[in-house]
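Participant: Give me coordinates for this.
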Amino acid sequence: MTDTTLESLFARSPTRELEEVQKVNEVGQAERDIDEFYETDSARKVLTELGEVVNSTGSQPRFRYVHATFGSGKTHLLKLIGIATGEIEGLETVAPKLSSQFSGFKEFRDRLNSSHIDHLVPLFMNLLDRDRVRDSTLSLLIYEELGNQLNYPTDPLWLLEWAWTLEIEHGLCRARMSLQEAAQDKAALRPWLYEALPEMDETDGTPYATKDGVRESIEQATGRISTEAFTPDELVERLDRTKRYLQESGETYEFLIELDEVAI
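Facilitator: Numbering: from 1, shown residues only. Predicted coordinates for the structure are as follows:
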């Protein structure tokens, strides 16, 4: 909202400099989602049971299936659960607002804070929003969301696997920092990689030290990311390896995979 009136608007010169349109940022959208949320008994029950799942340990599968009628607010609840983890970049300060307004979210965050987990990273996907034309699998979609959450480039998808291998398997963190910008020009991406990686001192003694080595690494990443090759076991291996890599910081990481419209 602004203080602009119709009278003042029409009084302006038509040749004045253009003014930037004010947009609702992510924080504003998240706060609006919170304001529009109504905590029902069933939603509170989901949050309570999810808190118990998060707080549990051991190797047993941990999951919570949420079912309700169309338009009941499942998507809304799942989005807010992701925010409540406090792990979504830019929305960390919004999470406490959920605890202060809703008892179910307070219980969920209290259980999370008292658990063995330092960082519960949400991977939220509404499967209705995914491009059905693109040949993909659920395992690849989850892997792509992992890349999005950890700020890896994901378009084209082979670049995610290539960048993941670059950092996780070879520890070349600095090389990844320029990939997001380079990926904007897909036609020039591969030639840029052929030249940029061998010039880095960090790539000495690695497969990325030569142009041919970089080319081969891209071909290997492309093959591994195919729908036939990337099985659920491959996804589990990537999640486990990523978690172990992140935990080198001395803190504990877990992933909260939220699949909306999974029955579609």
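Participant: Going by C-alpha atoms from here, please, whenever you check contacts or count neighbours.
Facilitator: OK.
Participant: ok, so what distance separates residue 148 from residue 142?
Facilitator: 10 Å (Cα to Cα, to the nearest Å).
Participant: ok, the two, which is more surrounded?
Facilitator: Shown here are residue 148 and residue 142; by other Cα atoms under 10 Å, residue 142 has more neighbours (20 against 14).
Participant: mind checking the SS state of the residue nearest to the more buried one when sequence neighbours are not counted?
Facilitator: Excluding the flanking residues, the one nearest residue 142 by Cα to Cα, 6 or more residues apart in numbering is residue 123, at 7.3 Å. Assigned state for residue 123: strand (three-state reduction, DSSP: H, G, I helix; E, B strand; the rest coil).
Participant: likewise residue 120?
Facilitator: Applying three-state DSSP: residue 120 is strand.
Participant: wait, the residue nearest to residue 142 sits on residue 146?
Facilitator: Yes - using Cα atoms under 8 Å, residue 123 is in contact with residue 146, at 6.3 Å.
Participant: who's more crowded, those two?
Facilitator: residue 146 (23 against 20).
Participant: Helix or strand for residue 259, just tell me which one.
Facilitator: Counting by DSSP states H and E, the element that carries residue 259 is strand 253-260.
Participant: What distance do you get for residue 141 to residue 154?
Facilitator: Using Cα to Cα, one gets 11 Å for the distance from residue 141 to residue 154.
Participant: In terms of neighbours, single out the busier of these two.
Facilitator: Set residue 141 next to residue 154 and count neighbours by other Cα under 10 Å: residue 154 wins out with 20 against 16.
Participant: Was I right to think that one contacts residue 142?
Facilitator: No - under the criterion of Cα under 8 Å, residue 154 makes no contact with residue 142, lying 11.7 Å away.
Participant: which stretches of the protein form helices?
Facilitator: 6-10, 26-35, 41-55, 74-84, 95-101, 103-113, 138-149, 157-164, 173-176, 179-182, 186-196, 211-224, 232-246 (DSSP state H).
Participant: Can you say which of those helices is nearest to residue 260?
Facilitator: helix 74-84 (6.4 Å; Cα to Cα).
Participant: Mind listing what's buried along the closest one?
Facilitator: By 16 or more other Cα atoms under 10 Å, the buried positions in helix 74-84 come out as 74, 75, 77, 78, 79, 80, 81, 82, 83, 84.
Participant: now the angle from that helix to helix 103-113?
Facilitator: Relative orientation of helix 74-84 versus helix 103-113 (axes from the mean of the first three to the mean of the last three Cα atoms, to 10 degrees): 40 degrees.
Participant: Now find how far off-centre helix 74-84 is within its chain.
Facilitator: 14 Å (Cα atoms, centre = their mean, to the nearest Å).
Participant: That helix to helix 26-35, inter-axis angle?
Facilitator: 120 degrees.
Participant: any idea which residue sits dead centre in the protein?
Facilitator: The centroid of the chain falls nearest to residue 149 when counting by Cα atoms, centre = their mean (2.4 Å).
Participant: List the contacts of the nearest residue to that one once chain neighbours are set aside.
Facilitator: Excluding its sequence neighbours, the residue lying closest to residue 149 (Cα to Cα, 6+ apart) is residue 123, at 7.0 Å. The contact partners of residue 123, by Cα atoms under 8 Å, 6 or more residues apart in numbering, come to 82, 142, 145, 146, 149, 255, 256, 257, 258.
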